[in-house]
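Trainee: This is a predicted model, with the sequence first.
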Amino acid sequence: MQKAKKIFSSDIGKSISSGYLLFFVNNIVALFLTPYMLQFISKEEYGLYILCVDFLALVSFLEFGTSKVIESKAGHQIAQGDMKGLNKSFNSSFYFQVLVGLCVIPLFYMLVYSGLEGNSLKYLHLVILLFSISAGISVFKSLFSSVIISSKKVHLDNRIQLFINIFNYSLILLLTPFVGVVGLAIINLVAVILMIIRSKYRIQKLFPELKINRAFFDKEELKNLLSTGIFFSLGSVATVLLVKIDSFIIGREFGLAEVASFYITVKVFVLSQKVFQMFLNNFRPHIAQLYGKKDFEKIKMFYEVISPLLLGAGAMAISFVMLINSYFVGFWVGKDFFLSYTFSAFFGFWIFLDLMTLPSRIILTASLYNLRDQSYFRLLEAGGRILTIFLFLETIGINVMPISSIICCFLFGNVFFLFQSKRYFKKSNLTIINYPIFFLLSFVLILFTMYSLNLLVYFPIFLGVSGMVIIGVYLYLNGQKIKKLSFLIHSK
């Protein structure tokens, strides 16, 4: 009992529990809100709303990755007690992002509207404009969150999001029947503004020495942030092309109604992905501070315990979602919104492959290690995917989108991070075991073999059973290693 209390009272315990509370509230409400909203807005209006929400991801690379650098660098500075350096880094990024936010607004508008020219949807221009303003303001949101997260107080950022999201959902429930899709755009804008105000207040409580002051702005520091952040930015561009571009292509090639069907078909897979991402991303500030202390043995321990557990648990979770997805969509909003079993299975397997890059990404990003190669390979992954879609869209159809994701993720994601991780630890004279890559290769080959033999319906069962065997064998042979991660719970 005492041990459990200690775990939940630690920063990592609070972060994980609050993260899952946030996740639960967000997604239970979201599952209810989708059919609710579709009672008052058309399928096309809902598709426009989803398209605009997806394109908010643009702000993640137009600030050239400075917030992402702050998240890791601030962790190093906090571990070393360097508040002067933190002030300089924060303000250099903040004033740069003021300029970026102003540039984002017209760019967002032009990019979204360019894919919808000729569409006669009512209030199209106004909705895009409101989301454009939200995008410009959102630039600052990530910076404030980055500083809070770097302090290992992820739970504080989660609480802020929870409060704002509950307020946001309440407005959607009350106002959508009267204001429609325009009201949804206004509500999103209000939520973004409130998020920034609340985050700024929380930072002032955590770090009274941290001030927004033009005197702390430093051109050389900004250059340093940009020289590292540009690689985060390139990675973000690639992520938009890998994840967010789908709704844009589908909207352009198949129509806004298909955007809604795509969003609903993949919803449970995305939720499953977030469950794992949320859990593992809580460790990022802890890894950043371990790196600041040069404690590579503990970082290695984290990697070698998490990787096989993620392999088994991810396989079981994704296989389960593959099996239930069509029934879930039918129960949720109706079978007309489900694209196909083949699309669902391929998309789910891509989510699984992408999840398996998380342990390496967390360690390498928190250490700001070789970001250039990470961003280049992420761009290769995105470029290869876009090229594959362009070449085979007419012959394969909409299924080419998840198929291209699988091929490019394995080649430029899973294989690449295997070698990157080995190089990272080798610099500290440490060797890691990275056997998951052989399982992933086997799964890819078996997936496409079953597809070609019209046996794809059996793949989820194979994947799920494999996951159970992996977890069982690992716990039997290496169960004691998990206890060694207790240093993350007790670290301050």
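Mentor: Arrived safely. Since we're looking at a predicted model, the values are computed, not measured.
Trainee: make it CA atoms for all contacts and neighbour counts henceforth
Mentor: Will do.
Trainee: Can you get me a residue count around V104?
Mentor: V104 is flanked by 22 other residues according to other Cα atoms under 10 Å.
Trainee: quick one, phi/psi of the nearest residue to it once chain neighbours are set aside?
Mentor: Excluding its sequence neighbours, the residue lying closest to V104 (Cα to Cα, 6 or more residues apart in numbering) is G136, at 5.0 Å. Note on G136: its backbone torsions stand at phi -60, psi -40 [degrees, to the nearest 10].
Trainee: these two touch, right, G136 and G101?
Mentor: Yes. If you go by Cα atoms under 8 Å, G136 and G101 touch, sitting 4.2 Å apart.
Trainee: ok, the two, which is more surrounded?
Mentor: Ranked by neighbour count (other Cα under 10 Å), G136 and G101 place G136 first, with 25 against 22.
Trainee: Would you quantify the distance from the more buried one to Q161?
Mentor: Separation of G136 from Q161 (Cα to Cα, to the nearest Å): 19 Å.
Trainee: Check H286 too.
Mentor: According to Cα to Cα, H286 and Q161 sit 21 Å apart.
Trainee: out of the two, which sits in the busier spot?
Mentor: More crowded of H286 and Q161, by other Cα under 10 Å: H286, with 26 against 21.
Trainee: Now do the strand or helix carrying that one: which elements does it pack against?
Mentor: Here H286, judged by DSSP states H and E, is contained in helix 284-292. The elements that helix 284-292 packs onto, with contact taken as 3 or more Cα pairs under 8 Å, 6 or more residues apart in numbering; DSSP states H and E, are helix 66-80, helix 296-332, helix 358-366.
Trainee: What's the per-residue pLDDT of the residue nearest to V104 here?
Mentor: pLDDT for G136: 83.
Trainee: where in the stretch 301-450 of the chain is pLDDT low?
Mentor: For the stretch 301-450 of the chain, applying pLDDT under 70 flags the ranges 435.
Trainee: deepest of the helices and strands packed on helix 284-292, which one?
Mentor: Most buried of those, by mean neighbour count (mean count of other Cα atoms under 10 Å): helix 66-80, with a mean of 25.
Trainee: Residues touching stretch 399-413, excluding its own?
Mentor: 242, 246, 342-343, 346-347, 349-350, 353-354, 357, 377-378, 380-382, 384-385, 388-389, 392-393, 441 (Cα atoms under 8 Å, 6 or more residues apart in numbering).
Trainee: Which ones among those lie within strands?
Mentor: Counted as lying in strands by DSSP state E, out of the contacts of stretch 399-413, is not a single one.
Trainee: Only the buried subset of these, as a ChimeraX command please.
Mentor: The buried residues among the contacts of stretch 399-413 can be selected in ChimeraX (16 or more other Cα atoms under 10 Å) with this line:
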select :242,246,342,343,346,347,349,350,353,354,357,377,378,380,381,382,384,385,388,389,441
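Trainee: I'd like to know which of the contacts of stretch 399-413 are part of helices.
Mentor: 246, 342-343, 346-347, 349-350, 353-354, 377-378, 380-382, 384-385, 388-389, 392-393, 441 (DSSP state H).
Trainee: Brilliant, that's me finished.
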